[in-house]
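A.B. asks: below is the sequence, then the predicted model.
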Amino acid sequence: MANKGYFIITDISGYTEFLTASELEHAQQALQGLFDVQVKHIQFPLKISGFRGDAIFIYTPEACFVNPQSFLETLENLYIVFSNTLHQMQFNTTCECRACRNIKNLDLKMVIHYGEYIVQKLGDREELLGADVIVPHRMLKNEVIEKTGIKAYALFSEAAASALGLQHLCHPLAAYKETYEHIGEVNMLVHDLKSAWEREQARRKIIVEPGNAWIKIEVNTPFPPSVIWDVITTPALEGPLLGLEYVKRIDELGGRTRPDSNFHCAHSSGDFFNKIVDWKPFEYYTTIQQFASGLEYFRTIRLEPDGAITKFVMLVSKPVQQTPEGFREFLESAARQGYERLPVAIQELVESGKIKVN
């Protein structure tokens, strides 16, 4: 039976020029470091299918991502760790050889396609089969850098962009197309990955530390961080978990959830508002939670993976304002009652087929 999913290839830009114009030993060390950091961070729900020289072929079933934003941010996170490693190599070396001087010319590009595939077992290996599997390999042959000037890019086929609703998540996107033998014309969209790295460098960390928390709730959950993140950041899933009547985004930013996104949450005990102030996908996010009375506090949700278990942690700061009698107990009880159901709620989603965890 055919599956549907996303195919991703990561490829180091400038690889051939770097290798041929540099001392082999130092060039190989640099390339190995950049290759290894990718492999280390390609984790569930991404799966490595194979290696093609300096390229890594990755795939993921579509059901592994409930929220398309999570797919995009998974790719951006991969670029961020690559770029951070590249910058550290430049900063930490005092070597004047050609290889070390030329590191700055390297970068990472990705191509992404969506379609059908079959997994074929070949001994202890798995091979993907299908016409759609061929497309991303062809997409590597392009003139995106020459025609757009974007060196670090994620190139999405029209099929992938449509499945993700990419135009609602990324601005700006550059239109691009190529014609390939046996495939025909492929319409594509280019996302500048450098913008994700720059956004991460500019991000201001705002987090409630455990030692300063007024309320602290911990729940051990036998699911990977990406699955839990999808549930707790998708209003249609988190709302019922917390007994909310509805969660409605009310800011005018549009696009993806990010700092300054604002949500109106309706609860039988009273409405409140959640404004995102810090957002680090799959690790933590922080909101200012405010009630109509003006009472407000910071709330940080953290995910701490430890092998097969991920610890969900909610940390609430003490409000500056005077709180009504019994408010702290009420807030902790309501949050604990909801979030302690997280493992059961995710298991129900898995059993219903709405989420895939392997």
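C.D. replies: Thanks, I have the structure now.
A.B. asks: quick check: domain ranges of this structure?
C.D. replies: 3-201, 205-351 (automatic domain parsing).
A.B. asks: quick one: closest of those to residue 358.
C.D. replies: Among those, the nearest to residue 358 by C-beta to C-beta is domain 3-201 (7.9 Å). Bear in mind the C-beta positions are built from the backbone N, C-alpha and C, glycine included.
A.B. asks: what average pLDDT does that closest one get?
C.D. replies: For domain 3-201, mean pLDDT is 89.
A.B. asks: buried set for the strand or helix carrying residue 82?
C.D. replies: Taking DSSP states H and E as the definition, residue 82 sits inside helix 68-92. Neighbour-count burial for helix 68-92 flags 68-80, 82-83, 85-86, 89 (criterion: 16 or more other C-beta atoms under 10 Å).
A.B. asks: surely residue 294 is within a strand?
C.D. replies: No - according to DSSP: H, G, I helix; E, B strand; the rest coil, residue 294 belongs to no strand; its state is coil.
A.B. asks: for the residue lying closest to it once chain neighbours are set aside, which residues are in contact?
C.D. replies: Nearest residue to residue 294, sequence neighbours excluded (C-beta to C-beta, 6 or more residues apart in numbering): residue 321, at 6.7 Å. With contact set as C-beta atoms under 8 Å, 6 or more residues apart in numbering, residue 321 has these partners: 294-296.
A.B. asks: and if you look at residue 192?
C.D. replies: Contacts for residue 192 (C-beta under 8 Å, 6+ apart) come out as 150, 152-153, 174.
A.B. asks: ok, 7 Å please
C.D. replies: By C-beta atoms under 7 Å, 6 or more residues apart in numbering, the contact list for residue 192 reads 150, 152-153.
A.B. asks: try residue 299
C.D. replies: The neighbourhood of residue 299, defined by C-beta under 7 Å, 6+ apart, consists of 208, 286-287, 289, 314, 316.
A.B. asks: pick out whichever of the residues you listed sits closest to residue 120.
C.D. replies: The closest of the contacts of residue 299 to residue 120 turns out to be residue 314 (C-beta to C-beta; 43.7 Å).
A.B. asks: may I have the phi/psi pair for that closest one?
C.D. replies: phi -110, psi 130 (degrees, to the nearest 10).
A.B. asks: swap in residue 290?
C.D. replies: Per-residue torsions, residue 290: phi -130, psi 140 (degrees, to the nearest 10).
A.B. asks: hang on, it packs against residue 272?
C.D. replies: Yes - look at residue 290 against residue 272 with C-beta atoms under 7 Å: they come within range, at 6.4 Å.
A.B. asks: longest single strand anywhere in the protein?
C.D. replies: Taking DSSP state E as the criterion, the chain has its longest strand at strand 107-122.
A.B. asks: ok, and the closest non-adjacent residue to residue 297?
C.D. replies: If the residues on either side of it in the chain are set aside, residue 297 comes closest to residue 319, at 4.4 Å by C-beta to C-beta, 6+ apart.
A.B. asks: ok so, going back, what about the residue nearest to residue 294, distance to residue 295?
C.D. replies: Going from residue 321 to residue 295 by C-beta to C-beta, to the nearest Å gives 5 Å.
A.B. asks: same deal with residue 318?
C.D. replies: Distance of residue 318 to residue 295, given as C-beta to C-beta: 11 Å.
A.B. asks: go on, residue 45?
C.D. replies: Distance, residue 45 to residue 295, by C-beta to C-beta: 38 Å.
A.B. asks: name the residue in those two with the higher neighbour count.
C.D. replies: residue 45 (24 against 16; other C-beta atoms under 10 Å).
A.B. asks: the closest residue to residue 174 other than its chain neighbours bridge partners, please.
C.D. replies: Using C-beta to C-beta, 6+ apart and skipping residues adjacent in sequence, the residue nearest residue 174 is residue 190, 4.1 Å away. Here residue 190 sits in beta bridges with residue 155, residue 174, as judged by DSSP bridges.
A.B. asks: okay, helices next: where are they in the stretch 201-350 of the chain?
C.D. replies: Ranges of helices within the stretch 201-350 of the chain are 225-232, 235-241, 327-339, 342-351, based on DSSP state H, counting those that start in this stretch.
A.B. asks: please identify the most buried of those helices.
C.D. replies: For these, the largest average neighbour count (mean count of other C-beta atoms under 10 Å) is found in helix 225-232, namely a mean of 23.
A.B. asks: what's the angle between that helix and helix 68-92?
C.D. replies: 130 degrees (axes from the mean of the first three to the mean of the last three C-alpha atoms, to 10 degrees).
A.B. asks: let's have the helices of the stretch 201-350 of the chain in JSON lines, adding mean pLDDT.
C.D. replies: Compiled in JSON lines, the helices of the stretch 201-350 of the chain are given as follows (pLDDT from 0 to 100):
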{"stretch": "helix 225-232", "mean pLDDT": "96"}
{"stretch": "helix 235-241", "mean pLDDT": "91"}
{"stretch": "helix 327-339", "mean pLDDT": "94"}
{"stretch": "helix 342-351", "mean pLDDT": "94"}
